[in-house]
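Asker: I would like to see how this sequence folds:
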Amino acid sequence: MANTTAAEQAMRRSARLRVGNRVIRAKARTEVKDAARAIANDKPADAEKSVREAIRALDKAAQKGIIKKNNAARRKARLMKKLNAARTAGK
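Answerer: Numbers count the residues shown, from 1 in each chain. Just a heads-up that it's a prediction; the model follows:
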């Protein structure tokens, strides 16, 4: 429990921010999963579009400080690695 008025306000504020952060984090996770699924389904056009959307969602989350910059970079690198492997396997 908060002992001061300022602490109560901080708790209310952090609760509001937490809700928004969860939405953005969930969006990024969903986009990454969708991209991985599209890559696995051997649909190159859909896969590239999905990967672009996932990268965009990860960059937004990193920019807002919801995930760390290197976390976003690592996830993007893994996605691109999967996409490039699928491209070379398809040729």
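
Asker: which is the next helix or strand following the helix or strand containing residue 29?
Answerer: Using DSSP states H and E, residue 29 falls within helix 5-40. The helix or strand immediately downstream of helix 5-40 is helix 44-63, counting by DSSP H and E.

Asker: Relative to residue 46, how far out is residue 62?
Answerer: For residue 62, the distance to residue 46 under the criterion Cβ to Cβ, to the nearest Å works out to 24 Å. In short, each C-beta sits where N, CA and C put it, glycine included.

Asker: Please identify which of those two sits among more neighbours.
Answerer: residue 62 (19 against 15; other Cβ atoms under 10 Å).

Asker: Hmm, the more buried one is touching residue 75, no?
Answerer: No - with the criterion set as Cβ atoms under 8 Å, residue 62 and residue 75 do not qualify as a contacting pair; they are 9.5 Å apart.

Asker: Need the mean per-residue confidence for the helix holding residue 29.
Answerer: Summarised as a single mean, pLDDT over helix 5-40 is 96.

Asker: Same question for whichever strand or helix holds residue 79: list its buried residues.
Answerer: With elements delineated by DSSP H and E, residue 79 resides in helix 69-90, which encompasses its position. When neighbours are counted by 16 or more other Cβ atoms under 10 Å, the buried residues of helix 69-90 are found to be 72, 75, 76, 79, 82, 83, 86.

Asker: now the angle between helix 5-40 and it, please.
Answerer: With axes from the mean of the first three to the mean of the last three Cα atoms, to 10 degrees applied, the angle from helix 69-90 to helix 5-40 works out at 10 degrees.

Asker: what residues does helix 69-90 touch?
Answerer: The contact list for helix 69-90, computed with Cβ atoms under 8 Å, 6 or more residues apart in numbering, reads 32, 35-36, 39-40, 42, 44, 47-48, 51, 54-55, 58-59, 61-62.

Asker: Buried subset of those, written for ChimeraX?
Answerer: Selection of buried members from those for ChimeraX, criterion 16+ other Cβ under 10 Å:
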select :32,35,36,39,47,51,54,55,58,61,62
